[in-house]
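Novice: Got a sequence here, can you build the structure:
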Amino acid sequence: MRADASFAVPVKLWALLCVFAGVTIGGNVLLTCILTGGALLYLVLQRSFRLAASYGCFYLLLALLLYGIRFHGLRMPVFSEFYVLMFWNLSPIFLVSWDLITTPPGMLSAFLSRLRMPTPQVQTIRELLDRKCLVMSCTTDKIDAMLAALARPPKLIITDSQVFRTVYDKKPAESRLTSFSVLFAQYKGDIDYYMEGANAIAQLTPESRVLIAEACTHAPLAEDIGRVKIPNMLRKRIGEGLQIDIVSGTDFPEDLASYDLIIHCGACMFNRKYVLNRIGQARTQQVPMTNYGVTIAYLAGILDKIDY
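Specialist: Numbering: from 1, shown residues only. All right, here's what the predicted structure looks like:
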């Protein structure tokens, strides 16, 4: 199946709910046959031709067996009428469920990320509220409207690192600027070492080797910041020959000497001791290390203009 032909996850969930309701409420052979035909068409529209054809043949076999059982007294000791009816009635659910289960992991991660606020944002907002701060939030396209609605400029703007430059260009001169990733560089790591490590980007060449380390083991998104966006930004600046290795979770090389730079995520899933251990490992082997937010600020040309 072509990835660009796949329906969005909410559509798949809605389709599963519909066939489940249809099978549960209907409960007759004819309605189930109609639902199965609809489920097969649903797969064809997503260009999942192989699954649709193979299950279509299986369903045709079920139809022949059911016909033989009902009208000719066919009896089978292994595959009894109970199993024939079970597969017949549950076929729409099987088809739509399988399509949902085999959805590309990146699509599922992108959908689930919309249902919850990422951990760094949650922790940061909670800390600000505990300090009795007034917290307001908006998306990037609403910055101008948000600032216009305020009686005075905010003292601090915390943004997603990916839109550092956009927010910097729009912020009031008196408002300080940072990002969730930069805050976590201070909270979980060694911000001074990260700031120093960012300067190593200027020394990279197309023959250099960079290690990107993620704490999470989630399925990568289509526009994943660590696996797609930062590598693209680096190669655009340094050259397409730049070698970038990516590790996730607890995978972290013992020997770092072959790397010219290590870029770590915000490490919201790790404790500070664990992150400092990685920093100590890099420092011992004299390998510069920084994190996502600091890297993006450097590449955006505003590293000296952010707060941490």
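Novice: make it CA atoms for all contacts and neighbour counts henceforth
Specialist: OK.
Novice: and residue 18, helix, strand or coil?
Specialist: helix (DSSP: H, G, I helix; E, B strand; the rest coil).
Novice: That one and residue 308: what is the separation?
Specialist: 50 Å (Cα to Cα, to the nearest Å).
Novice: got it, and residue 251?
Specialist: According to Cα to Cα, residue 251 and residue 308 sit 28 Å apart.
Novice: more crowded one of those two?
Specialist: residue 308 (17 against 12; other Cα atoms under 10 Å).
Novice: Distance of the more buried one relative to residue 255?
Specialist: As for residue 308, its distance to residue 255 is 30 Å (criterion: Cα to Cα).
Novice: what's the weakest-modelled helix or strand in the chain?
Specialist: Ranked by mean pLDDT, DSSP states H and E, the weakest helix or strand in the chain is helix 105-113, scoring a mean of 60.
Novice: moving C-terminal of it, what's the next helix or strand?
Specialist: Sequence order places helix 119-130 as the next helix or strand after helix 105-113, per DSSP states H and E.
Novice: residues in contact with that following helix?
Specialist: Applying Cα atoms under 8 Å, 6 or more residues apart in numbering, the contact partners of helix 119-130 are 134, 135, 180, 181, 184, 268.
Novice: Export only the CA atoms of that helix, formatted as CSV.
Specialist: The C-alpha coordinates for helix 119-130 follow below in CSV (Å, rounded to 0.1, in the frame of the first residue of the first chain):
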residue,chain,number,x,y,z
THR,A,119,5.8,16.2,28.9
PRO,A,120,8.2,19.2,28.8
GLN,A,121,5.2,21.6,28.3
VAL,A,122,3.2,20.0,31.1
GLN,A,123,6.1,20.1,33.5
THR,A,124,7.0,23.7,32.6
ILE,A,125,3.4,25.0,32.9
ARG,A,126,2.9,23.2,36.2
GLU,A,127,6.1,24.8,37.5
LEU,A,128,5.0,28.3,36.4
LEU,A,129,1.6,27.8,38.0
ASP,A,130,3.2,26.7,41.2
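Novice: Give me the buried stretch members for the longest helix along the chain, please.
Specialist: Assignment by DSSP state H gives helix 49-72 as the longest helix of the chain. By neighbour count on 16 or more other Cα atoms under 10 Å, the buried set for helix 49-72 is 51, 52, 55, 59, 62, 63, 65, 66, 69.
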